[in-house]
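Participant: following is a predicted model, sequence given first.
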Amino acid sequence: MTEICFSPGLGAADVATALCSLSPRLAPDTPAMGIGGRGALDAGEAVFASAAIMRLFGVSGLPELSGAIGVSDGAAARLRQLSQTLPLNGPARLERLRFEGVKRPIIFLCRRLGVAGAPPLFLAAALDMPHDLRGSVAAPPEAPAEISSVGRPDRGGPARFLWRTDAEDRLIEVGPRLPEAIGEPKAELLGQKLARLVAGFDADKGMELARLFEARESWSGLDLAWPVAGEDFIAPVTIAGSPVFDHRRQLLGFRGFGLIHPRRAAAPDSRIPESKIIVLRSPLEAGAGPSAPQGPEQGADDASISGSRARLADLASRLEQEWPAPPRANPRQSAAEPDPLPNGAKAAFDVLPIGVLVCGNGAALFANRFLLDLLGCADFASAKFREAIQPVMTRPASAEYLELRDGSGRAVRLRVARAPLPHGPEWLEAISLAPQPSAARSGAEPELKRLQREARELNAILDTAMEGVAVIDSAGRIKSLNRSGEALFCYDKAEVAGEPFTVLVAPESRERALAYFEGLKSNGVAEVFNDGREILGLTRQGGQIPIFMTLGKIGSSAASGIDQRYCALLRDMTHWKKVERELDDARREAERASALKSDFLAKVSHEIRTPLNAIIGFAEVIMEERFGPIGNARYKDYLKDIHSSGSLVMSLVNDLLDLSKIEAGKMDLSFEAVDANRIVTECVSIMQPQASSARVVIRLSLAPQLPHIFADERSVRQIVLNLLSNAIKFTQGGGQVIVSTALNDENCAALRIRDTGVGMSEGDLKVALEPFGQAPRARGSGGTGLGLPLTKALVEANRASFSIKSKVQDGTLVEVAFLPARVVAAENGARHGPQR
């Protein structure tokens, strides 16, 4: 016996039905639990649980179990998450959970079912619960375990039993309580169809069971008055059941339970003791068997009517076997007047998807519901029906088609087929009337096939796309998801179909995604501005992925009158986010290294300048002999070397300090209107002695009325001096340096310095523009390697452009151009004064 504790609003029958829905192969003694569903005040309330489940969670009642699942971590939290996120009525899911204090993980079978008017029901069964937690021994194989309630002993109440059928509705398993109650051996029950057994004592209930089996529907609370064999008593039995499918949705059979109530004396019975029932197959199943091959002229309509003939003939044969002629109530009745059809036969005809008219001796005896509805007649006995079927009664025997008027007066073309129908000693005629497709519909089939082919091609294209594509209706529910979307979110499209699209969005991004969707619905997001949104996606396992989502409308619903659809393009941004993070990290690391270098250079330069100033200053004092003669001429030469070396180091330190300040963005520049021609003239005068000693000619060409530039005067002066110094230094004796200013084609104030020196190649230029870099041809000429890099940095700090062109043995041209904005600003700056 499996002990189960359930809430007051449920019974053992409800629990058994729920567990049958979870899995048809579930053993009756499997520890299980249910959360939500009928009888629950909210979706997180436990409504039933096995004693083993409560021992696993360390609780003694359902309220404590609800609390443990609602607040605990680990396996309990995972069960709570599954109870909220599993797709409704989807396939069962296996989950491996590890509980604290249990040596090995436990495999749970989980499923979430929709319940009308109640929260969804979450079912979980432990398939491999350790024996020490089960606390009970399983029943022997020949006596299946029954379900009872904890703390609810059976005091003469209903006896319970389980039953199971195969796909043909034959009993393959039944609990021992039923054979004992009805006095029939169990072996006599096994192998028989349950609907046929019930029809043996209650035709209506048997017919209802046959309908439920045919429709594959669940039911509960079907009350039966089952006669006890050999006694004048009946056993009141209540049965419930539900269909069982495999993972491919193929029917395995039905499974359910029953309750046997105390016996009571049987009432007088006027039923026909031999009544039986036919279980009709569905139209698809009936037509699934082999059929005669079609001739060249036989189309789809001929195949359809051939199937109808076969089903009608099969039905007539089964009627002959199942309904032998009953004894006549009136011996004097004429043999020409056959008895009415049995109710079971009428019901069998009523489920056919074609019209059926049963005739005898030239008169209509019965019409099924399909034919009555087609002709718009309320019942068989109406004058309207008699008039409507006259073309059938007067048709030629060889006619295969005829036309009747339907309820609206339109002509309906029907294919006619006949089959003999046995009825006692008489033979009746069953006429099938199958509606044929109209010419307009036949003409539209090629267009339909073309559209279907195009739809398949488009679906194939969407499935090969790298981005996930979801189709959403106006309510935000997912209608379809392509394969890339399935792979991206680890969902099957059947699992998310009908769910809100926010099931694919992380909680922190749902408000943003919904606002985007609502804005598109209300035309608040114009198509031209629809640039998408970055959101966080939520996978089936709960992981988050960066997604770029773009929504768009599919077609227009105004003219078609159908529900507006939307397309969501979901692009995985994981790789791009990773690249972006790496670039940001590299940029920050470079900036940090540059800042450290600049700080180091600034500190070192500051520490060096102090003793250098002392060295240079004392050297100048001694050279001037302020406190007396030196006495030896060589000492004076040494002092000159000390002074020049100190000055060179000081120049290097100053350049380093300026370069580090520029790179760190801390150099103070005072922008004001500057006369470029004046500064160039002064710098040429300063460098003229150096040029003369190197036998280099400096030529000057200045543009008249050159507009003032807007720059820092001190740094412009240093730019010109550095460029002149390099030009003179790398120009051989007899060469020349040309210095000019002009307005170029872009209205920029341009400073050009051209020399006829040794020049540089493209590789030498790249080296020379790096700090401390010296071209191979310049290494013997002295210098620190900071001239060009510092000059270029000063130019850029003044928001000007720097360009250099050079060719080996052809000289070098350097151009510094102050952009037009700087020229305009210079005119404004001349009026408003200097800016910082």
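Facilitator: Yep, that arrived. As the structure is a prediction and not an experimental result, all values here were calculated from the model.
Participant: quick one: name whatever helix or strand follows the helix or strand harbouring Ala77.
Facilitator: Following DSSP states H and E, the helix or strand that holds Ala77 is helix 75-85. Using DSSP H and E, the helix or strand that follows helix 75-85 in sequence is strand 93-97.
Participant: parallel or antiparallel, which strands does the helix or strand just after that following strand pair with?
Facilitator: Beyond strand 93-97 in the direction of the C-terminus, DSSP H and E gives the next helix or strand as strand 106-113. Using DSSP bridges, strand 106-113 pairs in its sheet with strand 93-97 (antiparallel), strand 121-126 (antiparallel).
Participant: which residues are contacting strand 106-113?
Facilitator: Contact with strand 106-113 is made by 18, 21-23, 26, 37, 56, 75, 79, 82-83, 86-99, 120-130, as judged by CB atoms under 8 Å, 6 or more residues apart in numbering. (Each C-beta comes from the backbone N, C-alpha and C, glycine too.)
Participant: repeat for stretch 607-626
Facilitator: 627, 630, 636, 639-640, 642-643, 646-647, 649-650, 653-654, 657.
Participant: in ChimeraX, select just the buried ones from the residues you listed.
Facilitator: Listed next is the ChimeraX selection for buried residues among the contacts of stretch 607-626, using 16 or more other CB atoms under 10 Å:
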select :639,642,643,646,649,650,653,657
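Participant: nearest to Pro185 among the contacts of stretch 607-626?
Facilitator: Leu657 (110.1 Å; CB to CB).
Participant: and the closest one, what helix or strand is that in?
Facilitator: Using DSSP H and E, the element containing Leu657 is helix 633-664.
Participant: for the record, mean pLDDT for that helix?
Facilitator: Mean per-residue pLDDT for helix 633-664: 79.
Participant: what's the spacing between that helix and its chain's center?
Facilitator: 69 Å (CA atoms, centre = their mean, to the nearest Å).
Participant: ok, back up a step: now do the helix holding Ala77: which elements does it pack against?
Facilitator: Here helix 75-85 touches strand 32-36, helix 62-71, strand 93-97, strand 106-113, strand 121-126, going by 3 or more CB pairs under 8 Å, 6 or more residues apart in numbering; DSSP states H and E.
Participant: what are the buried residues along it?
Facilitator: For helix 75-85, by 16+ other CB under 10 Å, it's Ala75, Ala76, Arg78, Leu79, Arg80, Leu82, Ser83.
Participant: domain map for the protein?
Facilitator: For the chain, automatic domain parsing gives the domain ranges 2-149, 159-266, 301-321+339-436, 467-572, 578-664, 671-832.
Participant: in JSON lines: these, plus distance to Ile461.
Facilitator: What follows is the domains of the chain, written out as JSON lines (distance: least, CB to CB, whole Å):
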{"stretch": "domain 2-149", "distance to Ile461": "27"}
{"stretch": "domain 159-266", "distance to Ile461": "28"}
{"stretch": "domain 301-321+339-436", "distance to Ile461": "34"}
{"stretch": "domain 467-572", "distance to Ile461": "9"}
{"stretch": "domain 578-664", "distance to Ile461": "28"}
{"stretch": "domain 671-832", "distance to Ile461": "49"}
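Participant: for this structure, what's the longest helix?
Facilitator: In the chain, assigned by DSSP state H, the helix with the most residues is helix 574-624.
Participant: any weak-confidence spans in the stretch 601-750 of the chain?
Facilitator: 664-666 (pLDDT under 70).
Participant: and Phe627, backbone torsions?
Facilitator: phi -110, psi 20 (degrees, to the nearest 10).
Participant: same thing with the one 4 residues further on?
Facilitator: Geometry field for Gly631 lists phi and psi as phi 100, psi -30, criterion degrees, to the nearest 10.
Participant: relative to Pro28, how far out is it?
Facilitator: 122 Å (CB to CB, to the nearest Å).
Participant: show the end-to-end separation of stretch 394-414, please.
Facilitator: 15 Å (CA to CA, to the nearest Å).
Participant: okay, buried residues for it please.
Facilitator: Those would be Leu402, Leu404, Val412, Leu414, for stretch 394-414 by 16+ other CB under 10 Å.
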